[in-house]
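Peer 1: let me see the structure of the following:
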Amino acid sequence: MQDSRPIPPFRCDQIEASKLGREWKSWKESLECYFAAYDITDQHAMRAKLLHFGGPALQLIFKNLKGHDHVPLVTLQPKWYDLAVKRLNEFFEPRHQSTSERRKLRSIKQKSGERFADFIIRLKQQVAECGFEKYGWESSQILCEIYLTDAVVEGCSSNEVRRIFLMKELSFPEIEALGIAQESVDKQVEDMSPSQPPEKVFKVEQVKHKKGQPVSQYVKSSEKSCYNCGRPGHIAISAACPARGKQCRNCKSYGHFVMLCRKTRRHSMGREPDRRVK
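Peer 2: Numbering: from 1, shown residues only. Predicted coordinates for the structure are as follows:
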């Protein structure tokens, strides 16, 4: 047994005027999917279900349309449903602002972190709202490709992809495939690049004073090893250095470990010969 209401009613009295054309088209497509699923082809039955499923608001509009119930009886099967849809299309579609929808298409930008494929889907959804179908199938396809190409070039986030599109005369399917491929390559290159350690900033108060006030400066460190203890993560004068206060067994000075004793390294490197004239 078929569901008495397989799709929700078309509440056209509750829809914003600027969106009526789009919502009517979407609702009508759902109704026609239902007809196809249950193999309903009789025009009179299709019109009856159109009005039944549409609900009271749609029924009221239809009853007040000029010539809504006039069907030329020139065929064995009068086009009851086709005529009803034609009259309702004429009522709803003028409220669809094609110019505004085309402006929305041109303003769409690829979001930060958005995949190129998802960006293309959003553009295709918007171009379907631009009203190109009224120019016929062939002209509609040409206009869609032109507007989609312009929207991709203006809205994509990758300058490299944009440069490729501007250098070559490509069809929209080629643009779509190339953009997705370039994004995949960029991701692989990014994954292969070695990550750099974050740069840290330490505030250092110098021993010298100027006019009785401490002079401060900022020193940048890139996670290099401390030259007093050999460990990364801090600079030599940091209070967290484990060599701080420790005595070197080589030079007997304080503040560094023997393995990093600079006197030891100077001896191991040798001394410069005395070039002074005696």
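Peer 1: give me the buried positions along stretch 55-73.
Peer 2: For stretch 55-73, the neighbour count (16 or more other CB atoms under 10 Å) marks Gly55, Leu58, Ile61, Phe62, His68, Val71 as buried. C-betas here are computed from N, CA, C, even on glycine.
Peer 1: mind checking how far the residue lying closest to Leu51 once chain neighbours are set aside is from Leu50?
Peer 2: Among residues not flanking Leu51 along the chain, Gln59 sits closest, at 5.2 Å (CB to CB, 6 or more residues apart in numbering). As judged by CB to CB, to the nearest Å, Gln59 and Leu50 stand 10 Å apart.
Peer 1: what's the domain layout of this protein?
Peer 2: 12-95, 98-192, 200-269 (automatic domain parsing).
Peer 1: can you put those in a markdown table and add mean pLDDT?
Peer 2: Listed next are these as a markdown table, based on pLDDT from 0 to 100:
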| stretch | mean pLDDT |
| --- | --- |
| domain 12-95 | 86 |
| domain 98-192 | 89 |
| domain 200-269 | 66 |
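Peer 1: list of residues touching the longest helix that the chain contains?
Peer 2: Taking DSSP state H as the criterion, the chain has its longest helix at helix 172-192. Defining contact as CB atoms under 8 Å, 6 or more residues apart in numbering, one finds that helix 172-192 is touched by 115-117, 120, 144-145, 148-149, 152, 156, 158, 160-161, 164-165, 170.
Peer 1: of those, select the buried ones using a ChimeraX command.
Peer 2: Only the buried entries of the contacts of helix 172-192 go into this ChimeraX selection, using 16+ other CB under 10 Å:
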select :116,120,144,148,149,152,156,161,165
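Peer 1: let me know the closest of the contacts of helix 172-192 to Leu20.
Peer 2: For these, the residue nearest Leu20 by CB to CB is Cys144; the value is 22.4 Å.
Peer 1: host element of that closest one?
Peer 2: Per DSSP states H and E: Cys144 is located in helix 137-155.
Peer 1: quick one: list the elements packing against that helix.
Peer 2: helix 98-107, helix 116-127, helix 159-167, helix 172-192 (3 or more CB pairs under 8 Å, 6 or more residues apart in numbering; DSSP states H and E).
Peer 1: tell me who's in contact with the spatially most central residue of the chain.
Peer 2: Residue closest to the mean C-alpha point of the chain, counted by CA atoms, centre = their mean, is Glu114 at 2.6 Å. Residues near Glu114 by CB under 8 Å, 6+ apart: Ser157.
Peer 1: for it, which three-state class applies?
Peer 2: coil (DSSP: H, G, I helix; E, B strand; the rest coil).
Peer 1: with Thr41 instead?
Peer 2: coil.
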